[in-house]
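Fold the following and give me the result.
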Amino acid sequence: MAVRQLRAEPVGEARGEHGEGPAWDAAAGHLLWVDMLAGELHRATSDGSDDVATYDQPVCVAVPRVAGGHALALGDGLWLQEPDGELRRLFALPQPEPAGPIRMNDGKCDPAGRLWAGSMAYDSRPGAGSLYRLDADHSVHEMLPEVTISNGLAWTPDGTTMYYIDTPTGRVDAFDADPETGEIRDRRPAVDVPGDAGQPDGMTIDDEGCLWVARWQGSAVHRYTPDGRLDTVVELPCAQVTSCAFGGVGLDELYITTSGIGLSDADGAAQPLAGRLFRIRPGVTGPAAVAFAG
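Numbering: from 1, shown residues only. Okay, the predicted model is just below:
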């Protein structure tokens, strides 16, 4: 069967240095996305308007919260932000000495409203990061140690399978997941991602059970069927594609974040849209972001 070819278009005018972490807040009707290392949280609407909140450190993950406000992974750990803006840190990310600093990276909530977020070293050294789970009672659990670049997460709607990307492995892994407890087991490869098409970064899942995987240095998002077959390529005009999420009123829009970080002058000139937010209607729907339950 031929691979379907699509092309995403920019939406709005906002441009980030390192766009990441799209999450559709269905209750508010806007898309959350972050300019991670600049410490900016964007709230974008379908008509292209954008509102920005700034933090004094990297903002890596932002999801809506059932109680109002947001649950956040900032550079130094996991935080709650109240509706009035007050911030409270629940977990301080351990810093190894003297190996060098680490920070939080990608994350999202599972179907039960637990926040999962991983870490990585600033120098990307192997095995320096971990994947953590923040429960509704604010307890924090280290779920996977010795991660290098913790990235994409997705769950089947019933919560019994979790998909996960540690970027340098070059694949998407699957776990059996317990929806009641959040425990995971039986890690196994689910999708092998060819290195010549870029590295796997963030991802989402659609309502047909297919995975949409952003390709860092690959100028694309790839859709994989449950049996691991590539069936759709969404092309973008910039190399560093970071993540994707479904949104819009009908949850039929795929929003895609990109990055311009580290580009040479020549590459930056050749990719003037790097760092912009993109959108496409791919003909399927997917879930809105699950709000943090705590």
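
what's in contact with the host helix or strand of residue 117?
When elements are assigned from DSSP states H and E, residue 117 belongs to strand 115-121. The contact list for strand 115-121 (C-beta atoms under 8 Å, 6 or more residues apart in numbering) reads 60-61, 63, 71, 73, 78, 93, 99-110, 128-134, 143-144, 147-151, 153, 292. C-betas here are computed from N, CA, C, even on glycine.

Could you identify the helix or strand that succeeds the helix or strand residue 187 falls within?
According to DSSP H and E, residue 187 maps onto strand 184-192. For strand 184-192, the succeeding helix or strand toward the C-terminus, using DSSP H and E, is strand 199-205.

what sits up against whatever helix or strand comes next after that following strand?
Next helix or strand after strand 199-205 toward the C-terminus (DSSP H and E): strand 211-216. Identification of contacts with strand 211-216 by C-beta under 8 Å, 6+ apart yields 152, 154, 163, 165, 167, 172, 190-191, 193, 197-206, 221-224, 234, 239-244, 254, 256-257, 286.

Go again with 6 Å.
Contact with strand 211-216 is made by 197-205, 221-224, 240-244, as judged by C-beta atoms under 6 Å, 6 or more residues apart in numbering.

Quick check: ChimeraX command selecting the buried ones in those.
To isolate the buried members of the contacts of strand 211-216 in ChimeraX, using 16 or more other C-beta atoms under 10 Å:
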select :197,198,199,200,201,202,203,204,205,221,222,223,224,240,241,242,243,244
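
So for the strand holding residue 117, mean pLDDT?
The average pLDDT within strand 115-121 is 98.

send the alpha carbons of it over as PDB?
C-alpha atoms of strand 115-121 as PDB (Å, rounded to 0.1, in the frame of the first residue of the first chain):
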ATOM      1  CA  LEU A 115       1.500  13.100  34.900                       C
ATOM      2  CA  TRP A 116       4.400  11.300  33.300                       C
ATOM      3  CA  ALA A 117       7.500  13.400  32.500                       C
ATOM      4  CA  GLY A 118      11.100  12.400  31.800                       C
ATOM      5  CA  SER A 119      14.500  14.000  32.200                       C
ATOM      6  CA  MET A 120      17.800  14.300  30.300                       C
ATOM      7  CA  ALA A 121      21.300  15.800  30.800                       C
END
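
okay, the angle between it and strand 184-192?
If you take axes from the mean of the first three to the mean of the last three C-alpha atoms, to 10 degrees, strand 115-121 sits at 70 degrees to strand 184-192.

Distance from the chain centre to the helix or strand following strand 115-121, please.
Downstream of strand 115-121, the first helix or strand assigned by DSSP H and E is strand 129-134. Strand 129-134 sits 14 Å away from the centroid of its parent chain (C-alpha atoms, centre = their mean, to the nearest Å).

ok, strand 129-134: who's next to it in the sheet?
strand 115-121 (antiparallel), strand 140-147 (antiparallel) (DSSP bridges).

Tell me which of those is the most buried.
strand 115-121 (a mean of 25; mean count of other C-beta atoms under 10 Å).

Please export the C-alpha coordinates of stretch 55-62 as PDB.
Extracted in PDB, the C-alpha atoms of stretch 55-62 (Å, rounded to 0.1, in the frame of the first residue of the first chain):
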ATOM      1  CA  TYR A  55       8.900  31.500  33.600                       C
ATOM      2  CA  ASP A  56      12.400  32.000  35.100                       C
ATOM      3  CA  GLN A  57      13.600  28.600  33.900                       C
ATOM      4  CA  PRO A  58      12.900  26.100  31.100                       C
ATOM      5  CA  VAL A  59       9.200  25.100  30.800                       C
ATOM      6  CA  CYS A  60       9.200  21.600  29.500                       C
ATOM      7  CA  VAL A  61       5.600  20.300  30.000                       C
ATOM      8  CA  ALA A  62       2.300  22.100  30.600                       C
END
